[in-house]
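# here is a sequence with its predicted model. Questions after.
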Amino acid sequence: MVVYTIGGVGAGIVYGGTIGNALKWFPDRRGLCVGITSGAYGLGTALTVSAIASMIKSSGYAHTFIVWGFAQGMVVIMAALVMENPPPDWRPALEDVERTRPANVRTSGREMSPWQMMRTGPFWLIYLMMTLMSFGGLMVTAQLSPIAKFYGVDKTVVLFGMSALVLAIQIDRILNGLTRPFWGWISDHLGRENTMFVAFTLEALAVFLLLRLASRPLWFITLSGLCFFAWGEIFSLFPSITADLFGPKWATTNFGVVLTGAGVAAIFAGPIAALASAKTGNWSGVFWVMIACDLISALLALLWLKPLAGRTHASRS
């Protein structure tokens, strides 16, 4: 437990630091740059999960923790030595930024500290949406194995000797990495709130179809992957809109506050979701809660956050 907690803190520091740095360097393409940066988390697990699993099997958990912990720590330290923030007086070519930024993406000219941010309406709406959206993805991440077992596809061999569960895990990790730059890039052109509406609605559809077709191995693989593809974008869209509304100066801390919504969601996505499925004897109720969270978030993004953000930008211009 202690090792896991320390690892989580370390990962959070790296994640927050790199996201904040990217937001400051590329204000004209925040969605794309944050998506590429956060996408490394998804793709990184896809590239290393097999090697780590193999080492655990051959050498045990302790040895694997030491080897991979040391290797990852050295990579982080070396990367940190060459990474830098923009100079205090650095500004991109603002006239070029304003000329090339799509009309659907609006940014604030005001810098807000975390305490100032938390006294605004948009923050609490974003926080609520972050919590609702985190529930679905974290639930699938935590419960994919028992869900596969419940529907009888966990040991069904489908390709290259891999079961539907193992293949789904591999594909989910890849799509969870690719989705972040993809939706981030879309949001740079379509707008954050519009992109949220499309992506969140797509996830609701994917979960609904998974509920209906999870007992079929190929559909289980395809639809669980689609769930991750429509969910992972929260790690590019929410940092971007946070910086758009509250400025890049405090971007790391501000998004760190927003990200605590994922911690709240994890409580419900892990033990509470497992307890609910055990009580009811199936996963249908949990899936319907996921669908409701997705659709509520989609509607909030389009019908509440979009006009609220527009009024916030107008009041600061």
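Perfect, I can see it now.
# in the helix or strand harbouring residue 146, what counts as buried?
If you go by DSSP states H and E, residue 146 is part of helix 121-150. Buried residues in helix 121-150, counted by 16 or more other Cβ atoms under 10 Å: 122-123, 125-144, 147-148, 150. Placement of C-beta: from N, CA and C, glycine included.
# show me what that helix packs onto, helices and strands only.
helix 164-190, helix 192-213, helix 217-231, helix 234-246, helix 251-267, helix 273-280, helix 284-300, helix 306-316 (3 or more Cβ pairs under 8 Å, 6 or more residues apart in numbering; DSSP states H and E).
# now do the last one against helix 284-300, angle only.
Relative orientation of helix 306-316 and helix 284-300, computed by axes from the mean of the first three to the mean of the last three Cα atoms, to 10 degrees: 40 degrees.
# the fourth one too?
When the same axes, to 10 degrees is applied, the directions of helix 234-246 and helix 284-300 differ by 30 degrees.
# what's the mean pLDDT across helix 234-246?
Helix 234-246 carries an average pLDDT of 92.
# now do residue 234 against residue 162, distance only.
Noted for residue 234: a distance of 28 Å to residue 162, by Cβ to Cβ, to the nearest Å.
# run the chain-centre distance for the helix or strand in which residue 64 is found.
Residue 64 belongs to helix 61-82 when assigned by DSSP H and E. Relative to the chain's own centre, helix 61-82 is displaced by 23 Å; criterion: Cα atoms, centre = their mean, to the nearest Å.
# over to stretch 281-290?
Mean C-alpha position of stretch 281-290 versus that of the full chain (Cα atoms, centre = their mean) differs by 22 Å.
# what does stretch 26-45 give?
Here stretch 26-45 is found 10 Å from its chain centre; the criterion is Cα atoms, centre = their mean.
# alpha carbons of it, as PDB, please.
Output in PDB follows, covering the C-alpha atoms of stretch 26-45 (Å, rounded to 0.1, in the frame of the first residue of the first chain):
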ATOM      1  CA  PHE A  26       1.700  26.200 -26.600                       C
ATOM      2  CA  PRO A  27      -1.300  28.400 -25.800                       C
ATOM      3  CA  ASP A  28      -2.600  28.300 -29.400                       C
ATOM      4  CA  ARG A  29      -2.900  24.500 -29.500                       C
ATOM      5  CA  ARG A  30      -3.500  23.500 -26.000                       C
ATOM      6  CA  GLY A  31      -5.700  20.500 -26.800                       C
ATOM      7  CA  LEU A  32      -3.200  18.900 -29.100                       C
ATOM      8  CA  CYS A  33      -0.100  19.500 -27.000                       C
ATOM      9  CA  VAL A  34      -1.700  18.300 -23.800                       C
ATOM     10  CA  GLY A  35      -3.200  15.300 -25.600                       C
ATOM     11  CA  ILE A  36       0.200  14.300 -26.900                       C
ATOM     12  CA  THR A  37       1.800  14.700 -23.500                       C
ATOM     13  CA  SER A  38      -0.900  12.800 -21.600                       C
ATOM     14  CA  GLY A  39      -1.200  10.300 -24.400                       C
ATOM     15  CA  ALA A  40       2.300   9.000 -23.400                       C
ATOM     16  CA  TYR A  41       0.700   7.700 -20.200                       C
ATOM     17  CA  GLY A  42      -1.600   5.400 -22.100                       C
ATOM     18  CA  LEU A  43       0.900   4.300 -24.800                       C
ATOM     19  CA  GLY A  44       3.600   3.800 -22.200                       C
ATOM     20  CA  THR A  45       1.500   1.200 -20.400                       C
END
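# quick one: residues contacting the residue nearest to residue 259 when sequence neighbours are not counted.
In space, and not counting its chain neighbours, residue 259 is closest to residue 130: 7.2 Å by Cβ to Cβ, 6 or more residues apart in numbering. Residue 130 makes contacts with 234, 238, 258-259, 261-262, 265, as judged by Cβ atoms under 8 Å, 6 or more residues apart in numbering.
# mind redoing it with 10 Å?
Contacts for residue 130 (Cβ atoms under 10 Å, 6 or more residues apart in numbering) come out as 234, 237-238, 242, 255, 257-262, 264-265, 297.
# could you do residue 162 as well?
With contacts defined as Cβ under 10 Å, 6+ apart, residue 162 is in contact with 156, 168-170, 221.
# next, give me the two most distant ones among those.
The two members of these with the most space between them (Cβ to Cβ) are 156 and 170, at 15.1 Å.
# pLDDT below threshold where in this protein?
Applying pLDDT under 70 to the chain picks out residues 1-12, 42, 46, 88-109, 313-314, 316-317.
# mind redoing it with 50?
Confidence mapping of the chain against pLDDT under 50 gives the ranges 1-7, 95.
# what residue lies at the spatial centre of it?
Central residue of the chain (Cα atoms, centre = their mean): residue 235, 3.3 Å from the mean position.
# can you give me phi and psi for residue 157?
Dihedral pair for residue 157: phi -80, psi 130, per degrees, to the nearest 10.
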